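Asks: The following comprises the amino acid sequence and a computationally predicted model.
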Amino acid sequence: MKRRIVIGAALGAVTTTAMARWSTRHRAPPDIEALAHESRCSADLPPRLIRASLSNQRLVFAGTRLFKEGFLDDLGAAYQRETNREIEILGGGCDDGLAAVRAKQASIGGLCCPLTGGPANGMQHITVAQDLKVIVAHPEVSVENLSWKQLTGLLAGSIRNWRTVGGRDQPVALVLHDHCPDYLEPARRMLLGDRLDWSRDALYVKTDQKHLDTVARFESAVGVNSWILAEPYVRAGRLKLIAVDAVLPSVANAARKRYRLVGPMNMIFESWNEPLMGPFFAFLFSAAGRSIIGRRLMPIAESR
């Protein structure tokens, strides 16, 4: 099967300093054993030692939890049942996936951020899905919809009170996860263009979990996160979704291009290993694989 492989709020008026950042290009490879039990989106832990190695008989994937929780645990189980081939799916973050692939500890890594301009720039990759980025707010927030222009103003800091966009006279409590700071991640790129910073009045937190918990805690809070991670909070009534241009996020709306706040889900690798990777990607792009992906993300058609 021939494939085209691309080469390649503020809680008042709180102002925070930028989080300390360190680049994947200078970090040691991750502890693969530890990644099997972790679920982070961006890696912010100290370097760890590797205690695993690749096998020619087993496909190993490492990377962001959006892949693992979004579809890959289910898809991997179905792949093993259908093909009787081994696959190991590890957790970690975008940086861990990149480091594991480069250290030859994983055949494939997961990256939920664009490759251009980041440490993974130029790596071989296949885009397999689009992740829905959603605007989540505390249920007491009195706004149900934001235009694209209003949303960019809110995230950039020019809109600081919900009254400005038709809500109650209440300060906007913008909560942000400084996601993958070595990359210009999708929501920031789409909403703010090449501007590198969100609102200076935002409260920054270090993990997706903390981000969702914080938005759910304060009655004027709002933020951007992945539908994969936000869904349980919305289902439980702890958070609500805010529509963008009167369109709520859904796989169907994204497929029709009515909902445009999406981000690429890339699988990265150093070289193509047909015996290991060919059958896996054939299953991923099959009707069964796309059906699993399509439960929570927008699947991408295979490029031939």
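Replies: Cool, got the structure.
Asks: Could you measure from the residue nearest the centre of the chain over to residue 83?
Replies: Per C-alpha atoms, centre = their mean, the C-alpha nearest to the average position across the chain is that of residue 112, at 4.4 Å. Distance check for residue 112 against residue 83: by C-beta to C-beta, to the nearest Å, it reads 26 Å. C-beta: built from backbone N, CA, C; applies to glycine.
Asks: Also residue 155?
Replies: Distance, residue 155 to residue 83, using C-beta to C-beta: 44 Å.
Asks: Settle it for me: which of those two has more neighbours?
Replies: residue 155 (25 against 13; other C-beta atoms under 10 Å).
Asks: That one contacts residue 201, correct?
Replies: No: at 10.8 Å, residue 155 does not count as touching residue 201 under the criterion of C-beta atoms under 8 Å.
Asks: Overlap of the contact sets of the two?
Replies: residue 174 (C-beta atoms under 8 Å, 6 or more residues apart in numbering).
Asks: Residue 200: neighbour count?
Replies: Residue 200 has 12 neighbouring residues, counting by other C-beta under 10 Å.
Asks: Read off the pLDDT value for it.
Replies: With respect to pLDDT, residue 200 has a value of 80.
Asks: Determine the three-state secondary structure at it.
Replies: coil (DSSP: H, G, I helix; E, B strand; the rest coil).
Asks: just checking, it touches residue 157?
Replies: Yes: assessed by C-beta under 8 Å, residue 200 is found in contact with residue 157 at 5.8 Å.
Asks: Nearest residue to residue 71 in space, ignoring adjacent ones along the chain?
Replies: Leaving out its chain neighbours, the residue that sits closest to residue 71 by C-beta to C-beta, 6 or more residues apart in numbering is residue 293, at 4.7 Å.
Asks: wouldn't the one you found be in contact with residue 287 here?
Replies: No: look at residue 293 against residue 287 with C-beta under 8 Å: they stay out of range, at 10.9 Å.
Asks: Would you mind telling me which of those two has the busier surroundings?
Replies: Between residue 293 and residue 287, residue 293 has the larger neighbour count (other C-beta under 10 Å), namely 24 against 6.
Asks: Please report the distance of the residue nearest to residue 71 from residue 277.
Replies: As defined by C-beta to C-beta, residue 293 lies at a distance of 17 Å from residue 277.
Asks: Over to residue 145?
Replies: According to C-beta to C-beta, residue 145 stands 43 Å off from residue 277.
Asks: Settle it for me: which of the two has more neighbours?
Replies: More crowded of residue 145 and residue 277, by other C-beta under 10 Å: residue 277, with 19 against 16.
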